[in-house]
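>>> Quick check, what structure comes out for this input:
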Amino acid sequence: MGKFTRVEVSFASDRGLRSGYLYRPDAPDPAPCAVMCPGFGSTMDRQFFWAERYTDAGLAALVFDYGSFGRSEGEPRQVVDLDRQRTDIRAAVACARAAEGVDADRIVLWGNSLGGAHAVTVAAGDPRIAAVVAQIPFNGFPRRAEGRSTAHALRLMAAVVGDALCGKLGLPPHYIPLVGRPGEVAITNAAEAEEHISTPSGGGSLWRNQVASRGILQMMRYRPAEAAARLTMPLLVCLATGDTETPVELSRQLADRAPRGTLRLYPGSHFSFYTDATLRQAVAADQIAFLQEAFASIDGRPNRGTG
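Numbers count the residues shown, from 1 in each chain. The predicted structure is shown next:
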């Protein structure tokens with residue numbers, strides 16, 4: 001593993017400060033930096049593995065918690081708000097560009113699951129972003145989720161609508177589990193999800209198995225593929241062939257519609273990207289190779305900081 005420095009950072013965003021860590025490789029030149037966007041209900045510790053792989057390759061990485069999650073400010077807690085999360089990402093990009101030891105012209109947006117959708121959407125409005133990596137990205141809900149009957153889906157939707165009403169009325173959120181047992185009202189009941197939440201993430205996790213489900217209503221109207229068509233920079237989409245949470249037939253549209261899109265398919269499920277060590281190493285290597293090529297093409301500049 002390459003040598004790197006990890007420093008705690010904070011930056012202002014909508015309704016308070018956001019907390020994170022900046023990973024910087026021990027190198028004399030400013031390094032490209034990946035701003036890493038968490039998924040639905042996730043916290044930055046789930047990105048530590050990826051940040052370390054990137055610093056091994058000579059890149060910097062900024063990981064952070066969205067507002068109301070983890071170490072970041074924001075009340076009420078555990079509320080997914082898509083607009084505010086995208087605002088947080090823009091603030092994180094500004095933080096990275098201003099950071100010592102970071103090449104401000106080589107900022108990458110990297111996102112996992114819902115964070116992958118956000119990475120694409122934010123980059124579509126910021127042509128200065130050098131490249132985008134969207135890992136198992138959200139691009140609409142499948143018709144039927146694993147482990148969920150029609151009756152179960154209706155119960156979940158009742159919880160979502162009830163929590164949205166709580167938000168409108170200024171009442172405390174109605175929380176449900178992110179990961180539930182079969183038949184339990186939860187965001188996911190996939191069999192592999194429970195293994196994911198028990199996988200060590202690098203110390204001191206503030207992840208909680210609860211979320212205000214109102215964000216699901218926003219996601220029902222969220223189509224990042226429309227933003228992908230406006231991207232001017234290279235986009236890499238990494239998907240699992242057996243994914244039932246962000247299925248290939250939906251998520252591949254991001255790569256298909258992006259003018260400079262690339263698709264990589266891997267065996268496994270959505271949660272293999274969290275739990276399968278061999279798969280994660282292979283995916284990270286592919287992402288680094290993709291970024292090395294993207295950086296080398298920027299204005300004909302030499303590919304420094306990624307060796």
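>>> What's opposite Thr262 in the beta bridge?
Going by DSSP bridges, Thr262 is paired in beta bridges with Leu236.
>>> measure it to Gly170 for me?
45 Å (C-beta to C-beta, to the nearest Å). Bear in mind the C-beta positions are built from the backbone N, C-alpha and C, glycine included.
>>> which residues of the stretch 101-250 of the chain score low on pLDDT?
144-148, 193-204 (pLDDT under 70).
>>> residue ranges for the strands of this protein, please.
In the chain, the strands defined using DSSP state E lie at 4-13, 16-25, 31-37, 60-64, 102-112, 131-135, 175-176, 211-212, 235-240, 261-266.
>>> How much space separates the residue lying closest to Leu171 once chain neighbours are set aside from Ala212?
With sequence-adjacent residues excluded and distances taken as C-beta to C-beta, 6 or more residues apart in numbering, Leu171 is closest to Leu165, at 7.9 Å. To Ala212, Leu165 is 12 Å away according to C-beta to C-beta.
>>> Neighbour count for those two, which is higher?
A direct count of neighbours by other C-beta atoms under 10 Å for Leu165 and Ala212 places Ala212 higher, at 25 against 12.
>>> which one is the more buried one nearest to, not counting chain neighbours?
Pro173 (3.5 Å).
>>> So Ile176 is in contact with Val211, correct?
Yes: contact criterion C-beta atoms under 8 Å: Ile176 and Val211 qualify, at 6.7 Å.
>>> Between the two, which has more neighbouring residues?
Taking other C-beta under 10 Å, Ile176 and Val211 do not tie; Val211 has more neighbours (25 against 22).
>>> can you pull the contacts of that one?
Taking C-beta atoms under 8 Å, 6 or more residues apart in numbering, we find Val211 in contact with Phe40, Gly41, Gln78, Val79, Val80, Tyr175, Ile176, Pro177, Leu178, Ile187.
>>> Pretty sure the fifth one sits against Leu217.
Going back to what we said before, that points to Val80. No: under the criterion of C-beta under 8 Å, Val80 is not in contact with Leu217, lying 10.2 Å apart.
>>> for stretch 151-166, which positions count as buried?
For stretch 151-166, a neighbour-count test (16 or more other C-beta atoms under 10 Å) marks His152, Arg155, Leu156, Ala159, Val160, Asp163, Ala164, Cys166 as buried.
>>> where along the stretch 101-250 of the chain do the helices fall?
Secondary structure of the stretch 101-250 of the chain by DSSP state H, counting those that start in this stretch: the helices cover 114-124, 150-169, 193-198, 215-219, 224-228, 248-257.
>>> Which one, of these, ends up nearest to Leu236?
Closest to Leu236 of those is helix 248-257 (C-beta to C-beta; 7.8 Å).
>>> how distant is the closest one from the center of its chain?
Helix 248-257 has its C-alpha centroid displaced from the chain centroid by 16 Å (C-alpha atoms, centre = their mean, to the nearest Å).
>>> so it versus helix 114-124, what angle?
20 degrees (axes from the mean of the first three to the mean of the last three C-alpha atoms, to 10 degrees).
>>> re earlier: can you list residues touching both of Ile176 and Val211?
Common neighbours of Ile176 and Val211 (C-beta under 8 Å, 6+ apart) are Ile187.
>>> Greatest separation within the contacts of Val211: which pair is it?
Maximum pairwise distance among the contacts of Val211 (C-beta to C-beta): 15.1 Å, between Val79 and Pro177.
>>> quick one on the thing from earlier: distance of the residue nearest to Leu171 relative to Arg214?
9 Å.
>>> just Arg97 next, same as before
Distance of Arg97 to Arg214, computed by C-beta to C-beta: 32 Å.
>>> what's the answer for Glu245, then?
Distance from Glu245 to Arg214, by C-beta to C-beta: 19 Å.
>>> Over to Ala227?
Distance from Ala227 to Arg214, by C-beta to C-beta: 22 Å.
>>> Same check on Asp56?
39 Å.
>>> Comparing these two, which shows the higher neighbour count?
It is Arg214, of Asp56 and Arg214, that has more neighbours when counted by other C-beta under 10 Å, with 22 against 15.
>>> What are the phi and psi values at the more buried one?
Dihedral pair for Arg214: phi -60, psi -30, per degrees, to the nearest 10.
>>> Touching, it and Asp163? I think so.
Yes: contact criterion C-beta under 8 Å: Arg214 and Asp163 qualify, at 4.4 Å.
>>> Pull up the distance across stretch 28-47, start to finish.
Using C-alpha to C-alpha, to the nearest Å, the end-to-end distance of stretch 28-47 comes out at 25 Å.
>>> And the average pLDDT for it is what?
Average pLDDT, stretch 28-47: 97.
>>> sorry, back to before: Val80 and Leu217: who's more crowded?
When Val80 and Leu217 are compared for neighbours, Val80 comes out ahead with 23 against 16, by other C-beta under 10 Å.
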